[in-house]
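>>> Would you be able to build a 3D model of this:
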Amino acid sequence: MSRRLGLAFLFGGAVLILGCSDQPKLWKRSEIETIAEDFADASTIGGALEASYQARISRLEEENQALRAQLAQQQREIDRLFENDEAIRQNFNYLGRHHGIAPMPKSE
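Residues are numbered from 1 along each chain as shown. Predicted coordinates for the structure are as follows:
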């Protein structure tokens with residue numbers, strides 16, 4: 001689809017540029033063949049660029065998934081640390097009630 005669109009864009013641009021001259025031009029067969037070769041080259045380059053971009057998008061999606069997995073692991077670790085913090089606070093407060101120690105302040 002994008003290759004066809006690219007070719008249509010290139011062809012339309014060439015027609016626009018060539019059609020802007022004040023004098024009509026009779027085209028030689030060799031000139032038409034050269035233009036056709038240029039369009040074929042542009043199509044090949046466009047296909048290579050599209051493949052390159054698709055490969056890059058795939059790599060970025062893989063990196064994104066890896067980063068999301070890393071973030072999820074870090075979030076689990078943070079949750080575990082908060083659970084430990086709460087357990088320590090409860091133990092400290094329990095000991096405080098029985099041994100006259102001031103309650104442990106909540107961390108934020």
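
>>> Can you check which helix is longest in the protein?
Using DSSP state H to define each element, the chain has its longest helix at helix 29-99.

>>> Who are the packing partners of it?
Counting contacts by 3 or more Cβ pairs under 8 Å, 6 or more residues apart in numbering; DSSP states H and E, helix 29-99 packs against helix 2-19. Bear in mind the C-beta positions are built from the backbone N, C-alpha and C, glycine included.

>>> Just the mean pLDDT for the helix it packs on, thanks.
Mean per-residue pLDDT for helix 2-19: 53.

>>> Equivalent analysis for stretch 33-42, please.
For stretch 33-42, mean pLDDT is 74.

>>> Over to stretch 84-102?
Computed over stretch 84-102, the mean pLDDT rounds to 74.

>>> again with stretch 51-68
For stretch 51-68, the per-residue pLDDT averages 91.

>>> Please write out the alpha-carbon positions of that stretch in PDB.
Provided in PDB are the C-alpha atoms of stretch 51-68 (Å, rounded to 0.1, in the frame of the first residue of the first chain):
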ATOM      1  CA  ALA A  51      11.600  -2.500   5.800                       C
ATOM      2  CA  SER A  52      14.100  -0.600   7.800                       C
ATOM      3  CA  TYR A  53      11.400   1.300   9.700                       C
ATOM      4  CA  GLN A  54       9.400  -1.900  10.300                       C
ATOM      5  CA  ALA A  55      12.600  -3.500  11.800                       C
ATOM      6  CA  ARG A  56      13.100  -0.400  14.000                       C
ATOM      7  CA  ILE A  57       9.500  -0.400  15.100                       C
ATOM      8  CA  SER A  58       9.800  -4.100  16.000                       C
ATOM      9  CA  ARG A  59      13.000  -3.500  18.000                       C
ATOM     10  CA  LEU A  60      11.400  -0.600  19.900                       C
ATOM     11  CA  GLU A  61       8.300  -2.700  20.700                       C
ATOM     12  CA  GLU A  62      10.600  -5.400  22.100                       C
ATOM     13  CA  GLU A  63      12.500  -2.800  24.200                       C
ATOM     14  CA  ASN A  64       9.200  -1.400  25.400                       C
ATOM     15  CA  GLN A  65       8.000  -4.900  26.500                       C
ATOM     16  CA  ALA A  66      11.300  -5.400  28.300                       C
ATOM     17  CA  LEU A  67      11.000  -2.000  30.100                       C
ATOM     18  CA  ARG A  68       7.400  -2.800  31.100                       C
END
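
>>> Much appreciated, bye for now.
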